[in-house]
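Visitor: just need the structure, nothing else, for what follows:
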Amino acid sequence: MGRTSGRTGFNAHVLIRTLLPLAALAAITTPALGAVTVVPPPSAAPGAVQPLVPGLSYTLMNRPGPQVLHVLTMRPNALLSLGPTQLSGSLSQRATLTSGMTARLATGATAGINADYFDLGTGTPSGILSVGPRLWAGPEPSRSALTIANGGALAVGKLTLAGRYQKLDPAGTTPFPKRTFRGVNRPLPSTSSTGVVIYTPDFGRPTPSTPGYEAVVAIDGGVPLSVNAPLQGTVIAQGTGGGTAIGTGQLVIYGKNASGTSIINELTVGSRVELEAGIAGIAPDAWGAVGGGPMIVQGGVAVPSAGEGFSASQLTRRTTRTAVGQTADGRILMVVSEGPQQGKVGYTAAEQGALMVSLGATDAIGFDAGGSSLMALGRQQVIPWSSERAIADGLIATYLGAQISIPSPQRVSPNADGLADSSTIDAQSPVAGHTVVAIARRGGGFSSVLLDQTGDPASNQITIDPATLAMPEGPYVVTTTLTPADGTPATTMNRNLVVDGTLGGLKVSAKTTGKGKAKTSTVKTSFTLSRQAKVTMKIINSSGKTVATGASNRKMAGGKRTVTWNGKALPAGSYNVVLTAQSSYGLSGLQDSIRLK
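Guide: Numbers count the residues shown, from 1 in each chain. Predicted coordinates for the structure are as follows:
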């Protein structure tokens, strides 16, 4: 969290927190049995495009199968970029995508997905991780990787490390041999009889305890190892057997057998050395590169089987999957498809390629799948897992303007039934400056400043409680304006919020009685209306199909009301009962799940 200085103020009735978790998106969760939830607004329904920030939107798509897709569509601009990120800050630890996003809200993180495969034991990614030019892990040459150029052009292909180091002669009279290294922050395979690896502080722990020789190098200026950028330093220590701590501004050159002998003989303490991690295809100003695979679309054609060393089960199993691609007009598509654990069919890798082509991708790459397939909007995980897996790295879209998250929920019902009585937003100020967050009722009648803050980059979680603020019912707009301290133009973002207490207190009961052809089902809803409304009650099966309607736009007066459906017995199973009320303030709704036997 950034610190603040100067003028800071906010409405005393608004609760402001920083970096605390929110509930999952109502738009993509099914209520547990007996747990009443709010019906998502139309903007959160399947097929609706939800703008997140200028140039980035989220869409939930339903396809036959059933299949469910979560799609981020991005067109990079001067304030919006996409880059790989090591989520925990250390290769020795994994972190959940939402925790990584939450930690980066103050610097503009907007949405993200999982990326590379990783070692479950060590947390090390399987392929390259370059955050900007900084090289965290070297490439795996047998698998495809994703490179993101400055401006957002994507390239999918295999990358190879051409690492070299050389002892320097200060007098310039002795040309020492150029030596190579095979990896960065990834131990040599146990089958390798020789070879050299570079370890940097990003490794996050001492070098592996394995037979070999090491030279510790203090880098001039303490700069990190970067792609295609030579650096020089001085050898400050030698060692054997690993277990060497890597200090800030240092790196360790490790060699096995003959390669280690060269290190000990040449890189004596006090020696000067030059290193370079050369990787063709990554420009100095690239936004980064990240491993993954396989390549699933090339030149607008799905790649049915790129191989790349993946097992048959990894490629042919229908599961939850993540992919990234780019269209001919430059739009970036980040797609997570649900799988069997979400009650959907899921895709194979080949089917995933065909899916990306159908969405318009001309090139695309698959990323880690199964339980690692994740997508976050701000701090909110949108893929319905029972628990979120910790992963190694991700792709995060960053917007350097004023941001307000989509209010959760977008329709507030302050009727003291414990559902949607208040709403929460994240207000992000990713550059130093002056931020004002205000709320006003459309048409007048209420306005309030929620936050007035000057200082460093920050993210504030704000809870809006209409009862405490004495907000009258109706439509509202929440506005944030960020005026940067460096004199660049101010940016503004608006979000809509509705205060509507029309519907509350939903209770649902269901039973099946009788035998044989006389068997019937009864579903009863009881609820409270604060004003006249047109009420609709639907019963929806697990495939999303409406199987019964208890009321359709039935005009009902305010007060305690019931709607009952009674008919031919429904098949045993789980159903969602959705009750909506159309009033002068729009459409509000509550839902609950039932199980019929």
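
Visitor: for the residue most central in space within the chain, give me its contacts.
Guide: Note on the chain: the residue nearest the mean C-alpha position is Gly112, at 2.7 Å, using CA atoms, centre = their mean. Residues in contact with Gly112 (CB atoms under 8 Å, 6 or more residues apart in numbering) are Thr85, Leu97, Gly100, Met101, Met375, Ala376, Gly394, Leu395, Ile396, Ala397. C-beta: built from backbone N, CA, C; applies to glycine.

Visitor: now do the SS call for it.
Guide: Here Gly112 is recorded as strand under DSSP: H, G, I helix; E, B strand; the rest coil.

Visitor: now, which of the contacts of Gly112 lie within helices?
Guide: Leu97, Gly100, Met101 (DSSP state H).

Visitor: who wins on neighbours among those?
Guide: Compared across these, Leu97 has the highest neighbour count, 28 neighbours, by other CB atoms under 10 Å.

Visitor: where's that residue relative to Ala581, distance?
Guide: Leu97 is 36 Å from Ala581, where distance means CB to CB, to the nearest Å.

Visitor: now swap in Thr491 and tell me
Guide: 37 Å.

Visitor: please apply the same query to Ala432.
Guide: 46 Å.

Visitor: please enumerate the strands of the stretch 201-350 of the chain.
Guide: In the stretch 201-350 of the chain, the segments counted as strands under DSSP state E, counting those that start in this stretch are 213-219, 231-240, 250-256, 272-279, 288-291, 295-298, 301-302, 321-327, 332-337.

Visitor: of all those, which one comes closest to Pro51?
Guide: strand 332-337 (15.5 Å; CB to CB).

Visitor: can you list contacts of the closest one?
Guide: 67-76, 82, 111, 113, 152, 154, 320-327, 344, 346-347, 352, 355-356, 359-361, 364, 373-375, 382-383, 395.

Visitor: and for stretch 36-52?
Guide: The contact list for stretch 36-52 (CB under 8 Å, 6+ apart) reads 25-27, 29, 31, 57-62, 68, 73, 110-111, 377, 406, 409-411, 413, 419-420, 506-508, 578, 580, 587-592.

Visitor: buried stuff in that stretch?
Guide: Using 16 or more other CB atoms under 10 Å as the test for burial, stretch 36-52 gives Val36, Thr37, Val38, Val39, Pro40, Pro41, Ala44, Ala48, Gln50, Leu52.

Visitor: kindly report the same for stretch 170-187.
Guide: So for stretch 170-187, counting by 16+ other CB under 10 Å, buried means Phe176, Arg179, Phe181, Arg182, Gly183, Val184, Asn185, Arg186, Pro187.

Visitor: quick one: which of those sit in strands?
Guide: Using DSSP state E, the subset of the buried residues of stretch 170-187 located in strands is Arg179, Phe181, Gly183, Val184.

Visitor: I'd like the distance between the first one and Thr268.
Guide: So that's Arg179. Taken as CB to CB, the span from Arg179 to Thr268 is 15 Å.

Visitor: now swap in the third one and tell me
Guide: Here the criterion is CB to CB. By it, Gly183 lies 24 Å from Thr268.

Visitor: ok, Leu231 next?
Guide: Separation of Leu231 from Thr268 (CB to CB) stands at 19 Å.

Visitor: higher neighbour count, those two?
Guide: Leu231 (18 against 12).

Visitor: contact partners for that one?
Guide: Going by CB under 8 Å, 6+ apart, Leu231 touches Ile219, Asp220, Val223, Leu225, Glu274, Leu275, Glu276.

Visitor: ok, Ser543 - how many residues close by?
Guide: Ser543, neighbours per other CB under 10 Å, totals 9.

Visitor: what residues are up against it?
Guide: Pro66.

Visitor: would it count as being in a strand?
Guide: No - judged by three-state DSSP, Ser543 forms no part of a strand; its state is coil.

Visitor: pull the number of nearby residues for the nearest residue in space to Pro76 that is not next to it in sequence.
Guide: With CB to CB, 6 or more residues apart in numbering as the criterion, Pro76 has its nearest non-adjacent residue at 3.4 Å, and that residue is Gly152. As a burial measure, Gly152 scores 20 neighbours (other CB under 10 Å).

Visitor: now do the contacts for Gly152.
Guide: Neighbour list for Gly152: Met74, Arg75, Pro76, Ser81, Leu82, Trp287, Gly330, Ile332 [criterion: CB under 8 Å, 6+ apart].

Visitor: for Thr327, see how far away it is.
Guide: 12 Å.

Visitor: residue at max distance from the center of the chain?
Guide: Thr173 (53.6 Å).

Visitor: show me where the chain has helices.
Guide: Here the chain has its helices, by DSSP H, at 97-103, 258-266, 312-316, 349-358, 466-469.

Visitor: and the first one, what other elements does it pack with?
Guide: Contact analysis of helix 97-103 by 3 or more CB pairs under 8 Å, 6 or more residues apart in numbering; DSSP states H and E lists strand 109-114, strand 375-377, strand 380-381, strand 393-399 as its packing neighbours.

Visitor: CSV for those strands, including distance to Glu308 and mean pLDDT?
Guide: Shown next, in CSV, are the helices and strands packed on helix 97-103 (distance: least, CB to CB, whole Å; pLDDT from 0 to 100):
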stretch, distance to Glu308, mean pLDDT
strand 109-114, 18, 98
strand 375-377, 24, 98
strand 380-381, 28, 95
strand 393-399, 18, 98
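
Visitor: between those, which one is closest to Thr480.
Guide: strand 393-399 (12.3 Å).

Visitor: for the closest one, buried residues please.
Guide: Asp393, Gly394, Leu395, Ile396, Ala397, Thr398, Tyr399.

Visitor: and that strand, C-alpha only, in PDB?
Guide: Only the C-alpha atoms of strand 393-399 are listed here, as PDB (Å, rounded to 0.1, in the frame of the first residue of the first chain):
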ATOM      1  CA  ASP A 393       3.300 -16.700 -12.400                       C
ATOM      2  CA  GLY A 394       0.600 -15.000 -14.300                       C
ATOM      3  CA  LEU A 395      -0.300 -12.400 -17.000                       C
ATOM      4  CA  ILE A 396      -1.600  -9.200 -15.500                       C
ATOM      5  CA  ALA A 397      -3.200  -6.300 -17.300                       C
ATOM      6  CA  THR A 398      -2.200  -3.000 -15.700                       C
ATOM      7  CA  TYR A 399      -4.000   0.400 -16.200                       C
END
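
Visitor: if anything else comes up later, I'll come back, but that's it for now.
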